[in-house]
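Novice: The sequence and its predicted three-dimensional model are supplied below.
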Amino acid sequence: MTQRKVVLVDGLRTPFRRSGTDYLGLTSYDVARAALRGLLNKTGLTPEQVGLVVMGNVVQNVSTSNVARDAALGAGFSHRTPAHTVTMACISANQAVVSAAEAIRSGQADVAIAGGVEVLSDTPPQFPLVVRKRLYESQRYGSPLEYRKLLEGVSLSEFVPKAPKVAEYSTGETMGESADRLAAAFGVSRSEQDAYALRSHTLAAQATEAGKLEADILPTAVPPDFNLLTRDNTIRADSSPEKLASLKPVFVKPFGTVTAGNASPLTDGASAVLLMEEGTAKALGFAPLARLGAYTFVAQDPGEELLLGPAYATPQVLERAGVKLDDVDVIELHEAFAGQVLAVLRAVESDAFARAKLGKQTRVGDVDMDKLNAWGGSLSLGHPFGATGTRLLTMAARRLHDEDGTLALVTACAAGGLGHAMLLERVVGAR
Amino acid sequence: MTFFGLETTGDVAVIYFDQEESRVNTLSTAALREFAEVLDTLERDPAVRSAVLYSRKEDSFVVGADIGEFSTFETPEQVVALIREGHALLARLERFPKPVVAAVHGAAVGGGLELILACHYRLASGHPKTKFALPEVNLGLLPGLGGTQRLPRLVGLQGGLEMALTGKFVYAKPALKMGLVDALIHPQGLLEAGKAAARGLADASLKRREPKHDWRSRVTSTVLERTPLSRVVYAQAEETARKRTRGNYPAPAKIIDAVRTGQERGMEAGLEAEARNFAELVFTPQSKALVHLFFAKNASEKNPYSEARPVTRVGVLGAGLMGAGIAQVSAEGGHAVKLKDRSLEIAAKGKGSIWKDLSKRVGKDRSSFERDLIDARIQPVEDYGALADADLVIEAVLEDVVLKQQVVRDVEAVAKEDLVFASNTSSIPIHEIASASKRSGQVVGMHYFSPVPKLPLLEIVATEENPEWVLATAFAAGRAQGKTPIVVGDAPGFYTTRIVSLYMNEALLLVEEGVGVREIDGAVRDFGFPVGPLTLLDEVGIDVGAKINGVLKRPFAARGITLSSRGEALVEAGFLGRKSGKGFYVYDKSGKKGEKEVNEALARFVGATKRDASPHEIQERLGLIMVNEAILCLEEGVLRSPRDGDVGAVFGLGFPPFLGGPFWYVDTLGAPEVVRRLEGLERQYGPRFRPAALLREHAKQEKLFYS
C-alpha cells in the first residue's frame, strides 16, 4: 500500500492584534470560532465533509479547555466531527497540523482542519495555591461565621490575583531572559537584534502594502463594535534604528539586549489550515497549495537552549528528505526574539556548532536571507502562541507560489526547549 | 604572568584572573604583587580609559586567600606588614584614576570579595554558582583585605557584620538587593556588560545607583547605624557571638572591634585595627586548629582507593529517620534510590519525610523544581525484588545482628553478583553481619550520623575481607552523597561509637555520682561541644545507647573497664529520652524550643546524693577519656591516621573544632601534660583513664601526631 499523502488545500487567519486591543473582551473560543467558520466559508466545504478538527492553544480558558471542540460546534461544524485541542507552547499549531496529518495518513480522516488560537487578553489571573485551597474549602462552609476561616492566617495581599509569568516552569527563567542569554552566548549584539527587528517590520509593512497577506487574512468583525479588521496591528511601519536603539532592555536590566522593540509582542489571533488526503482533494475538485513533507519535533535542556530548537530540527528534516539547505526556496522561521533568530542562524551556519551539538563535520548550511521570512515574521506580524504554527505554514505555502519555489522549510522554537521543523513541497500545476 | 592576563579592545582593558596550574583563583602575596604590576600597565597606557576584572575559571571567580601561605607566617610584625601591603594595593585600586568594573561569575569569597569591594562597580551573573561570603571567621580569622571596612560601608553595618561574623553565602539576587553588587546579568553576557559598564563609568554616562532598600532597612540604617545608637548593634552582635562561641573563639570579637574602629574612627584606623587583629588571630591556637581541620577535611575527601565501580542505583533498607536520611543524600548525589521498608505505606511515609526536609531549602539555594528532581529519584518499595539491579544497598534496619544477617541473605537472593552491601550499624561488627553473606568480601560498613543530611561524616568500616574495589566504591558513593569519609577498622564500636560511648559512660557515671544533668551538659558545651552528652543521649535514645553498651561491654571489660549499667535500668523504667517524652530532661509534646526542664524523676530514680562538680572536672573526665580512647584506636590500627581521628571526632561527634580534634589537641597540650592529667584521673577513678601506650611513647619521645 502506498502511503496516503497529505496536502495543504488552503489556510487563513484572523488579523493578528496586540493583546489588550481589539480582541479584549473575547475569549479563545470566540476568535477560534471566527477562523473555523471563515475557513468553511472560504473553501465552500460543508461541515459534514470535515472529519477532524485539531487546534493548538497555550493559555487556556478553563470554560473551554477543549477549545477546538467548543469553537467547532460554535462555528456550526457537525457535532459528529471529533475535535481536540493540543498544547505544545509556541508550536502547538504545528503539533495540531501533525496530529491531523497523521490521522489522514492512517486513514482515520480524509479531510481535517488544523489550527490554533491564542487570546492573551483573556489570560486567567491566578491565586496562590494557599488561597485556592481556602476557596475550595470554603465551599463546604455551613454558616456565614465560618467564612472567617477563609482569611485566617493568610495575608490579604495573597488574595490579589496575579497574572501568570511567561516563564519556564522548570527553571523559573522568563523567555525574554533566556533569549537575552542566548543572544549573548552567540555574540549577537543589541544593534544586530534591532536591525533584524527593523527588517521584520519593514518586510511585513511592504508585504501588507503589496497585498500579499490578503489571501491569508480573514476580514474579521468582532463585538461590540463590529468594526471590520483586515490587517495586523502589530507591524510598526514607522520604526527606525534610532527609535529601536532608544528602548531600554526589559528582561535583563540594565545591561541586557532584548527590548520590547526586538521581541515579538503579546498577540491575540487564530489561524487554521485545511488538510486533505491528496486523492480526496482531487476528487473534491480542490487545487492544493502544497504537500506536507518530512517533519520532526526536537527537545533540548530548557535551562541551556530554550529557544534553539530550529537549529536542531532543521538538519533533521533536511536529512530525512535527502535535501540540502540550499535546495530550500522558502524559509519561514518563527521570530520569538530577534536575538533568538540570529542565534539560530549562527548555529546553523557554524561548523563548531555542527561538530559539538549535531555530531556532524560541517555546518547545516548558509542561510540566504532573501529566502527568510520575506513577508515579515512573528516580530512584526505578532505571535499568538497557539496560532503561529499554522500562520507559518500557510505563509510558506503562499510564498512558494508567489516566489515560484518548490520547497519550503517551516521551523519554530517553543518553551520547554522544544522545536519543530517541517518541509512543504509546492504542488505543481495547481493555481 | 602567573595570575593575570591583560587584553585591551579599544579603550577598555580586560584583566583576566587566571591563576596558572590551578582550577580556581586564590589571592596570595604573589598574586597581589602581580596585580600591582597590572595596575602599573593600565596606568601607563594612555589608550586605556577603564578596565574590567574577570575570571577565566569555570564557574568560579576568586575562592579566597591562599590559606597555605598562612603557615609560612613567622611573626605578627611580618603579617602586619603583608596586610598593609595588601591594604595599600586595594587603596590604590579604589582610588585608581581609571574606573575598574568587577564582573563576577562564580564564587567571590574572602579575599575575592574584598578585591571586588575596592572596584568601582560590581556586576555579577545571576547564576546559582555566583555567591559571596567572608568565611574567614570559620578559620578563626577576620577578613584582612579591608573587608571589615569596605563591606559595612557598602551594605550597611548590620548586613556587613552578619556576613563577616557568620561567613554565610549571599547569592546573586540578595546581593543585588543589599547593594553588594550594582547589577546582574547572565554569565553569557557578563563580559560584554562589564565592558559597557566600564565605558559608561569612564564617560560618566553610568552612575552607581543607590540600592533601593525598603523602608525598614532604611530606618534601621539611619537610626541604628548613623547615631550613637549604633552601640546597640555592636552590643547585640557581641552578645550573639558570645552565645554562639561560649568564649572559645576569639575571632568574632576581633571582627566587631575592627568594624567598630573603622566606623567610629575612620577607614585608616579601621584598616590598622584589621591588620593588627588579623596578625593576632592568625597565631592563635584556635585559628591554627581550624585551618588544620580545613585541610584535614579536604584531604579526607580524596578517594585513597582506585577501581571504584560506578554506582547509579542504590537500595536503602529501612525508611526510618536514618534510612530516609541516607536515601535523601543519595538522591541529592544523583543516585536512583529504592527506599525499602516492610510495607509500601511505611516506605511512602519515609519518602514523605524526605520531601519535607528537601522543601526546607526551597527558595534558598534550591528551587521547588530542583527539589522535585531529587524527589523523583526516590522510589518507595516493599519487595526485595526491586533491588535486583542495585549497585549498592545500604541497610538501616534495627540494630540487631540476627535481623541484619537475615537482611543480607534476603538481598543477596535477588541482587547482582557485584553488589556492594553496606551496613549502617553504629556498633555491630561488620564481619558478623558479613558471615551471613555468600560474598562476604562485598559487605562493608557505612556508618552515617543523624541527622544524615546535616552531619558530614561517614565512617566506612573496612573488614579484612574487603577487596580494594569495594572500599573504593563505598568511598565514591559516600562522596557523591556529599559526605566526608574516614575509613576505620572493624573492631567493636569502630572509632566514633567507641570513643563516644566511653564519653557518654563518663557522663552517666557523673549522674550516678549525683552531679546535676544541667551542670554536666553545660560544662561540656563550655568545653566546645555543640550539645551536651545527656541531651545527645536523650536525642539518640537511652535505649540505643544501652544497646551499644551491650556490644562494647565485653571488650571494655577485658581492659578492666566496667560500663555503667544504669542505662539499661533507665530503659526498663521507661526513660527512653525524647521519644518517650522523658529522659534526662522532660519533653512536652508541643516541642517548643528554649530551656528544657531537667527530669527530676530520673534524678530520684538514680537516687544519688547531690554533689557539686567543677566544670573543669567534668570537662577533664569527658574530654580526656575521649581523647585517650581515640589514641588507643590509632594504636590498635582501628584508625589509620591522626587526621582520620580528628575529622571523625569533629565532624561526626562535634568534638570542639577550635581544639582541632583529639590528636591536634594532644599536640597542642603536649603529650607529657596529657599523660600527667590522665594518670591523675586514673588514680582517682580507675583504669578507664589509663593512658594509651602510644600516648606514653609520644610523651617520652616528645613526639607529635602532626609534625
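Specialist: That came in fine, so what should we check first?
Novice: all contacts plus neighbour counts: C-alpha atoms, from now on.
Specialist: Fine.
Novice: What is the burial count for the residue nearest to B:G581 when sequence neighbours are not counted?
Specialist: Take B:G581 and drop its neighbours on the chain: the residue closest to it by C-alpha to C-alpha, 6 or more residues apart in numbering or on different chains is B:Y587, 4.7 Å away. Neighbourhood size, B:Y587 [other C-alpha atoms under 10 Å in any protein chain shown]: 20.
Novice: and what of A:K357?
Specialist: 12.
Novice: Quickly note the distance from it to A:G309.
Specialist: Look at A:K357 and A:G309: by C-alpha to C-alpha, to the nearest Å, they are 12 Å apart.
Novice: Helix or strand: which one has the residue of the stretch 351-500 of chain B found nearest chain A?
Specialist: Chain A sits closest to B:F369 of the stretch 351-500 of chain B, with a gap of 5.6 Å, by C-alpha to the nearest C-alpha. Using DSSP states H and E, B:F369 sits in helix B:368-376.
Novice: List the buried residues in that helix.
Specialist: B:S368, B:E370, B:R371, B:I374, B:D375 (16 or more other C-alpha atoms under 10 Å in any protein chain shown).
Novice: Return the distance of the fourth one relative to B:D357.
Specialist: With distances defined as C-alpha to C-alpha, the gap from B:I374 to B:D357 amounts to 12 Å.
Novice: Over to the third one?
Specialist: With the distance defined as C-alpha to C-alpha, B:R371 ends up 10 Å from B:D357.
Novice: likewise the second one?
Specialist: Plainly put, B:E370 is 13 Å away from B:D357 if you go by C-alpha to C-alpha.
Novice: Could you do B:V500 as well?
Specialist: From B:V500 to B:D357 the distance is 27 Å (C-alpha to C-alpha).
Novice: Looking at those two, which has the bigger crowd around it?
Specialist: When B:V500 and B:D357 are compared on other C-alpha under 10 Å, the one with more neighbours turns out to be B:V500, at 23 against 15.
Novice: Once you drop chain neighbours, what's closest to whichever residue of the stretch 251-400 of chain A sits closest to chain B?
Specialist: Closest approach between the stretch 251-400 of chain A and chain B, counting by C-alpha to the nearest C-alpha: A:F255, at 5.6 Å. The shortest distance from A:F255 to any non-neighbouring residue, by C-alpha to C-alpha, 6+ apart, is to B:A193 (5.6 Å).
Novice: Output the contacting helices and strands for the host helix or strand of A:Q95.
Specialist: According to DSSP H and E, A:Q95 maps onto helix A:92-105. The helices and strands touching helix A:92-105, judged by 3 or more C-alpha pairs under 8 Å, 6 or more residues apart in numbering or on different chains; DSSP states H and E, are strand A:6-13, strand A:52-56, strand A:83-86, strand A:111-119, strand A:267-277, helix A:388-402.
Novice: just the ones you listed: most buried one?
Specialist: Across the helices and strands packed on helix A:92-105, the average number of neighbours (mean count of other C-alpha atoms under 10 Å in any protein chain shown) peaks for strand A:111-119, which reaches a mean of 32.
Novice: For it, which strands pair with it and how are they oriented?
Specialist: Partners of strand A:111-119 in the sheet, by DSSP bridges, are strand A:52-56 (parallel), strand A:267-277 (antiparallel).
Novice: Contacts for the following helix or strand past that strand next, please.
Specialist: The C-terminal neighbour of strand A:111-119 among helices and strands, as given by DSSP H and E, is helix A:129-138. For helix A:129-138, contacts defined as C-alpha atoms under 8 Å, 6 or more residues apart in numbering or on different chains pick out A:Y147, A:L150, A:V154, A:E158, A:F159.
Novice: Could you rerun that using 6 Å?
Specialist: A:L150 (C-alpha atoms under 6 Å, 6 or more residues apart in numbering or on different chains).
Novice: Repeat that for stretch A:391-409.
Specialist: Stretch A:391-409 has contacts (C-alpha under 6 Å, 6+ apart) with A:G11, A:V328, A:D329, A:V330, A:I331, A:E332, A:M422, A:L423, A:L424, A:E425, A:R426.
Novice: can you redo these as TSV with distance to chain B?
Specialist: Shown next, in TSV, are the contacts of stretch A:391-409 (distance: C-alpha to the nearest C-alpha, whole Å):
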residue	distance to chain B
A:G11	40
A:V328	33
A:D329	34
A:V330	32
A:I331	29
A:E332	28
A:M422	31
A:L423	33
A:L424	36
A:E425	39
A:R426	41
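Novice: So which of the residues you listed belong to strands?
Specialist: A:G11, A:V330, A:I331, A:E332, A:M422, A:L423, A:L424, A:E425, A:R426 (DSSP state E).
Novice: Verify the stated contact: the first one with A:S271.
Specialist: This means A:G11. No - when contacts are counted by C-alpha atoms under 6 Å, A:G11 is not listed as touching A:S271 (7.5 Å).
Novice: avg pLDDT for the lengthiest helix in chain B?
Specialist: Longest helix of chain B, by residue count under DSSP state H: helix B:615-635. Helix B:615-635 shows a mean pLDDT of 98.
Novice: distance of A:V7 from A:E242?
Specialist: Separation of A:V7 from A:E242 (C-alpha to C-alpha): 44 Å.
Novice: on that earlier part again, which strands border the following helix or strand past the helix holding B:F369, and is each parallel or antiparallel?
Specialist: Toward the C-terminus, helix B:368-376 is succeeded by strand B:378-381 as the next helix or strand (DSSP H and E). Here strand B:378-381 is paired, per DSSP bridges, with strand B:336-340 (parallel).
Novice: which residues are contacting the partner strand?
Specialist: The contact list for strand B:336-340 (C-alpha under 6 Å, 6+ apart) reads B:313-318, B:347, B:377-382.
Novice: Mind checking which of these are buried?
Specialist: Buried residues within these, counting neighbours by 16+ other C-alpha under 10 Å: B:313-318, B:347, B:377-382.
Novice: Would you mind giving these as a markdown table with pLDDT added?
Specialist: As requested, those are exported to a markdown table (pLDDT from 0 to 100):
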| residue | pLDDT |
| --- | --- |
| B:R313 | 98 |
| B:V314 | 98 |
| B:G315 | 98 |
| B:V316 | 98 |
| B:L317 | 98 |
| B:G318 | 98 |
| B:A347 | 98 |
| B:R377 | 98 |
| B:I378 | 98 |
| B:Q379 | 98 |
| B:P380 | 98 |
| B:V381 | 98 |
| B:E382 | 97 |
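Novice: Present these as TSV; the columns should include distance to B:V407.
Specialist: Listed next are the buried ones among the contacts of strand B:336-340 as TSV, based on distance: C-alpha to C-alpha, whole Å:
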residue	distance to B:V407
B:R313	18
B:V314	15
B:G315	12
B:V316	11
B:L317	9
B:G318	11
B:A347	16
B:R377	23
B:I378	20
B:Q379	19
B:P380	17
B:V381	15
B:E382	13
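Novice: Helix, strand, or coil at B:F655?
Specialist: coil (DSSP: H, G, I helix; E, B strand; the rest coil).
Novice: Just the pLDDT at residue 267, thanks.
Specialist: You didn't say which chain, so I picked chain A. Looking at A:T267, the pLDDT reads 98.
Novice: right idea, wrong chain: chain B
Specialist: pLDDT, read off for B:M267, is 95.
Novice: Point out the residues in chain A that sit beside chain B.
Specialist: Residues of chain A found near chain B (C-alpha under 6 Å from any C-alpha of the partner chain) are A:S170, A:R181, A:A184, A:A185, A:F255.
Novice: please redo it, this time with the cut-off set to 7 Å
Specialist: A:S170, A:R181, A:A184, A:A185, A:V252, A:F255, A:G256 (C-alpha under 7 Å from any C-alpha of the partner chain).
Novice: check contacts around the third one.
Specialist: Counting by C-alpha atoms under 7 Å, 6 or more residues apart in numbering or on different chains, A:A184 touches B:Q188, B:G189.
Novice: Any figure for the gap between it and A:E304?
Specialist: 13 Å.
Novice: if we can go back for a sec, columns distance to B:V511 on top of the helices and strands packed on helix A:92-105, output as a markdown table?
Specialist: As requested, those are exported to a markdown table (distance: least, C-alpha to C-alpha, whole Å):
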| stretch | distance to B:V511 |
| --- | --- |
| strand A:6-13 | 86 |
| strand A:52-56 | 75 |
| strand A:83-86 | 72 |
| strand A:111-119 | 75 |
| strand A:267-277 | 77 |
| helix A:388-402 | 78 |
